[in-house]
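K.L.:
Need a 3D model of the sequence below.
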Amino acid sequence: MAFKFREPLVFQQGTGFIISPNNTELFGNVSPSQIVTFAIGQAVAPTSNTVFNQTTVSDKFIIDNGQTTHTSGEITGSLTLSSNFTAVQNLTGSGNLTILGTVTAEKIETELTQSVTLFESGSTQFGDTSDDTHQFSGSFLASGSLALNANTTREISNDTSLTDGSGVALVTENALKNYLDDNVDDIQTYLRKSFAYTGSFVNVSTSSFTVATASAPSGYTATSEDDFMFFINGQMMEHDALTIQQSSSYFYLKIDNDSIGYDLASADEIVAWGKFNS
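P.N.:
Sure thing, here's the model as predicted:
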């Protein structure tokens, strides 16, 4: 049984809604009956891949049988992103954020118990006041310089000779100990050397001693006549009239007879006291 319309029936399609045939007068007198198809341009079945340019929801937008709900600017439930996600404004979260891949950012700031800033250039800033404490467990490796109160340090030196004289190097305990063992002990030993020897008569202006003078450590003034005192029969001899000479294993005291006012005699006891080797 067919129906015939007194006035034609016309369907017109709109945005996102397709009618075929569109804007066509239908009287119902076509045999067999004329078929009109209504469609929205894509499948919207539960298993379909539906694409919309923009979707506006006034109350709630429920996804995955209520597992994720978008409402009032909030996302409730779990959300898994399998591709890129871009936020053009601030993104604020009150829970934990777990990233299984790489985090790339121009700048990262954290404000919990401490303030930490990671810059795109690779520089970092820990803390924001001088009383902040930063604790590291394990090894600390630095390939650049270290500045403490505007004083720059570029290396920790293990040079036991300390010959570089660097103004930006800290020495190790080993370097300092070896340097002191090699130098300071020699200096202290040299400074403490004080021995007395009795000379033998050579002639009226010379007395000899079978001993060698001590050698001054590097950096110290060479051993000289000023490092000794000489006595004749218990009386100190005037330095201005004396000179000394080391020749092989013999130490010689020579006097200026005219300046000192007397000659040495074989019976005189000449004693030398000072920095002999032993």
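K.L.:
Show me how this structure divides into domains.
P.N.:
9-39, 155-189, 193-274 (automatic domain parsing).
K.L.:
Now render these as CSV, adding mean pLDDT.
P.N.:
Converted to CSV, these look like this (pLDDT from 0 to 100):
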stretch, mean pLDDT
domain 9-39, 77
domain 155-189, 81
domain 193-274, 94
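K.L.:
Same list, those, but as JSON lines with distance to residue 100 and mean neighbour count please.
P.N.:
The C-beta positions use only the backbone N, C-alpha and C, and glycine is treated the same way. Converted to JSON lines, the domains of the chain look like this (distance: least, CB to CB, whole Å; neighbours: other CB atoms under 10 Å):
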{"stretch": "domain 9-39", "distance to residue 100": "38", "mean neighbour count": "11"}
{"stretch": "domain 155-189", "distance to residue 100": "38", "mean neighbour count": "13"}
{"stretch": "domain 193-274", "distance to residue 100": "63", "mean neighbour count": "14"}
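K.L.:
Output these as a markdown table; include the columns distance to residue 56.
P.N.:
Below are the domains of the chain laid out as a markdown table (distance: least, CB to CB, whole Å):
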| stretch | distance to residue 56 |
| --- | --- |
| domain 9-39 | 14 |
| domain 155-189 | 64 |
| domain 193-274 | 87 |
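K.L.:
Any idea which of those domains gets closest to residue 120?
P.N.:
For residue 120, the closest of those is domain 155-189, at 28.2 Å, according to CB to CB.
K.L.:
still on that earlier bit, quick one, which of the domains of the chain gets closest to residue 81.
P.N.:
domain 9-39 (27.5 Å).
K.L.:
okay, how far is it across that closest one, tip to tip?
P.N.:
From its first residue to its last, domain 9-39 covers 18 Å (CA to CA, to the nearest Å).
K.L.:
cool, stretch 24-41 as well?
P.N.:
Note: stretch 24-41 ends 20 Å apart using CA to CA.
K.L.:
ditto for stretch 17-34
P.N.:
20 Å.
K.L.:
same deal with stretch 170-187?
P.N.:
Taking CA to CA, stretch 170-187 runs 24 Å from one end to the other.
K.L.:
re the thing from before, select, out of the domains of the chain, the one closest to residue 54.
P.N.:
Short answer: domain 9-39, nearest of the domains of the chain by CB to CB, at 11.6 Å.
K.L.:
Tell me how far that closest one lies from the chain's centre.
P.N.:
77 Å (CA atoms, centre = their mean, to the nearest Å).
K.L.:
I'd like to know which of the domains of the chain is closest to residue 87.
P.N.:
Taking the domains of the chain one by one with CB to CB, domain 9-39 is closest: 28.6 Å.
K.L.:
Please enumerate the helices of the chain.
P.N.:
173-179, 185-192, 257-260 (DSSP state H).
K.L.:
Take those helices and lay them out in a markdown table including distance to residue 202.
P.N.:
Below are these laid out as a markdown table (distance: least, CB to CB, whole Å):
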| stretch | distance to residue 202 |
| --- | --- |
| helix 173-179 | 43 |
| helix 185-192 | 28 |
| helix 257-260 | 13 |
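K.L.:
re earlier: between the domains of the chain, which gets nearest to residue 123?
P.N.:
Short answer: domain 155-189, nearest of those by CB to CB, at 20.4 Å.
K.L.:
can you give me the end-to-end distance of that closest one?
P.N.:
Termini of domain 155-189 sit 33 Å apart (CA to CA).
K.L.:
center of this structure - which residue?
P.N.:
For the chain, the residue sitting closest to the mean C-alpha position, by CA atoms, centre = their mean, is residue 142 at 3.7 Å.
K.L.:
ok, now which ones touch the closest residue to residue 203 other than its chain neighbours?
P.N.:
Nearest residue to residue 203 in three dimensions, chain neighbours excluded: residue 264, at 7.3 Å (CB to CB, 6 or more residues apart in numbering). For residue 264, the contact set (CB atoms under 8 Å, 6 or more residues apart in numbering) comprises 201, 203-207, 232, 255, 270.
K.L.:
Residue 239 too?
P.N.:
225-226.
K.L.:
And residue 145, by the same measure?
P.N.:
152-154, 168.
K.L.:
again, but for residue 269
P.N.:
Applying CB under 8 Å, 6+ apart, the residues near residue 269 are 198, 231-234.
K.L.:
Out of those, which comes closest to residue 276?
P.N.:
residue 198 (12.1 Å).
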